[in-house]
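**Student:** dropping the sequence and predicted coords here.
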Amino acid sequence: MEVKKENSRTGIGDGREGVHAAVGDFFLANVKSGLALDGYIPVTGKIIEQDDLHAMVEACLDMWLTAGRFAKQFERELAQKVGARWSRMTVSGSAANLLSFAALTSPSLGKRAVRPGDEVITVAAGFPTTVSPIVQHGCVPVFVDVDLQTHNVLVDQVSSAVTSKTRAIVLAHTLGNPFDLDSISEICRKHDLFLIEDSCDALGATYDGRPVGTFGDLSTLSFYPAHHICTGEGGAVFSSKPQFMKIVESLRDWGRDCWCDPGKDNTCKKRFEWQLGDLPEGYDHKYIYSHLGYNLKATDIQAALGLSQLQKLDRFVTSRRENHNYLDQQIKLRGLNEFFLTPEATAKSDPSWFGYLLTVRENVPLSRRELVKSLEEKGIGTRQLFAGNLIRQPAFKGVDYRVPFELKNTDHVMASSFWLGVWPGLTKLHLDRILDSLESVVRNSLDKNRSLKR
Ligand SMILES: Cc1ncc(COP(=O)(O)O)c(C=O)c1O
């Protein structure tokens, strides 16, 4: 982090070093390192270290507040890290998904633009805001089923679901496990479809040695505290297609045609020379709108935190992978895989795990509801695969969607899956407590359910 020694406007020393010294003392005196072993073990969590706090304070001391020097640097470094030509920060992963889908509908795409009534192939086993932008733009989500061990889309069903109305595929890399990018990219090429990769849960994952998010037209990230890096609230869109950068930026920044950074004017050097739409010639370009947009810009404080978190991403991803492997090994060593389907990395991929998902096998007398209730009572955090099966959610009543095949596995996931934490705040000791608790609730539950049957 660059600590400014001088006030950038006055050139006079502004005492930042003193503030940072006090902040350092505050951190050391007040912030506990490490999660207690005997308390509640949350399923996700953020790791905020001293340099992260200094970064946020530095952005506060700038008093710029809206997107500024930190946002610029974060967007540049994030793009480099994910192997994309550009990235744009926004307020959340959901906003990133909204901006990405909205970009596909931009009038500037001409005949290629996605229009109301067009179909978009996706899955129902996942997070709602991967799919809601499709519905919000009047398009029709087409839900296909998922595999029970990668929790990703069944590629054969995607091929069969394509019709003359299909215009795009929108899929998430479920819990950090990449979907089959070779096959999905090939389907997109064959049928001229757009692809949005929701990589919100998968920062750091690779497929065939390439970072996820670099295969599709646009990709998204979330920096909510549960995610691989944290900015409080936050997210990003990234891509290597320059055309989409202009569209995403416009949609994010009120829909404007102007691309000046906040606080800057006349970057185009012809601010009063434009003639667009039915506006009078020379109408101020700062107030010309080429999209029906939003304001979904993040602050420089969020960006400063993102920048310092980004330097730790490799460490965080390594720790998530190690924790996932340890849970996997131990669950198999303890014979618990007799009762559960365990997760499998997609072929050619190196996942950046978000969680460890277990699915009660068919005909095993274990109730997911009982298991997660007992685990929570023992202080072990659990989560379900987000919305389970989206079409069974109240929000989807009355929504126009298509389901070409039975969502059998999606329903099984909704009824029988849950996941355990792998976030970097968990040590082997926490994982052992999770495993011991899991083993004890499984064995107790089996004993109880079997004796009830007798
Ligand atoms: C796959 C996926 N997409 C999108 C989101 C939304 O991200 P946010 O909470 O930052 O809006 C999430 C949230 O966890 C997610 O898991």
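**Tutor:** That came through, no problem.
**Student:** the residue positioned nearest the centre of the chain is in what secondary structure piece?
**Tutor:** Nearest to the centroid of the C-alpha atoms of the chain, with distances taken as C-alpha atoms, centre = their mean, sits C200, at 1.3 Å. Using DSSP states H and E, C200 falls within no helix or strand.
**Student:** check V170 too.
**Tutor:** V170 belongs to strand 166-172 when assigned by DSSP H and E.
**Student:** anything in that strand near the ligand?
**Tutor:** Yes. Under the criterion of C-beta under 6 Å from any ligand atom, the ligand is reached by strand 166-172 at A172. C-beta: built from backbone N, CA, C; applies to glycine.
**Student:** do the same with stretch 193-208
**Tutor:** Yes. Judged by C-beta under 6 Å from any ligand atom, stretch 193-208 comes into contact with the ligand through 198, 200-201.
**Student:** what ranges do the helices span in the stretch 251-400 of the chain?
**Tutor:** Counting by DSSP state H, counting those that start in this stretch, the stretch 251-400 of the chain has helices at residues 300-310, 313-333, 368-377.
**Student:** quick check: closest non-adjacent residue to A84.
**Tutor:** Once flanking residues are discounted, A84 sits nearest to F238: 4.1 Å by C-beta to C-beta, 6 or more residues apart in numbering.
**Student:** list the contacts for the one residue in the stretch 1-150 of the chain that gets nearest to the ligand?
**Tutor:** Taking C-beta to the nearest ligand atom, the ligand has its nearest neighbour within the stretch 1-150 of the chain at G93, 2.5 Å off. For G93, the contact set (C-beta atoms under 8 Å, 6 or more residues apart in numbering) comprises 129, 198, 200, 220-224, 227, 235.
**Student:** in CSV: those, plus pLDDT and secondary structure.
**Tutor:** Below are these laid out as CSV (pLDDT from 0 to 100; DSSP: H, G, I helix; E, B strand; the rest coil):
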residue, pLDDT, secondary structure
T129, 98, helix
D198, 98, strand
C200, 98, coil
T220, 98, strand
L221, 98, strand
S222, 98, strand
F223, 98, coil
Y224, 98, coil
H227, 97, coil
G235, 98, strand
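**Student:** can you tell me the closest non-neighbouring residue to V57?
**Tutor:** Counting by C-beta to C-beta, 6+ apart, the residue nearest V57 is V23, at 5.2 Å.
**Student:** in the stretch 251-400 of the chain, which residue sits closest to the ligand?
**Tutor:** When distances are taken as C-beta to the nearest ligand atom, the stretch 251-400 of the chain reaches nearest to the ligand at F386, 6.2 Å away.
**Student:** the residue nearest to A84 is in contact with Q80, isn't it?
**Tutor:** No. Applying C-beta atoms under 8 Å as the test, F238 and Q80 come out as separate, 10.4 Å apart.
**Student:** and these two? Which one has more around it.
**Tutor:** F238 (30 against 12; other C-beta atoms under 10 Å).
**Student:** contacts only, for that one.
**Tutor:** Taking C-beta under 8 Å, 6+ apart as the test, what F238 contacts is 78-79, 82, 84, 86-88, 213, 218-221.
**Student:** of those, which belong to strands?
**Tutor:** With DSSP state E as the criterion, strands contain 86-88, 218-221 from among these.
**Student:** let me have those residues in a markdown table, adding distance to the ligand and neighbour count as columns.
**Tutor:** Shown next, in a markdown table, are these (distance: C-beta to the nearest ligand atom, whole Å; neighbours: other C-beta atoms under 10 Å):
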| residue | distance to the ligand | neighbour count |
| --- | --- | --- |
| W86 | 20 | 19 |
| S87 | 15 | 25 |
| R88 | 15 | 26 |
| L218 | 13 | 28 |
| S219 | 11 | 28 |
| T220 | 7 | 31 |
| L221 | 8 | 28 |
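**Student:** name the nearest residue to the residue of the stretch 251-400 of the chain closest to the ligand, ignoring sequence neighbours.
**Tutor:** Here the residue nearest F386, using C-beta to C-beta, 6+ apart, is F127, at 4.5 Å.
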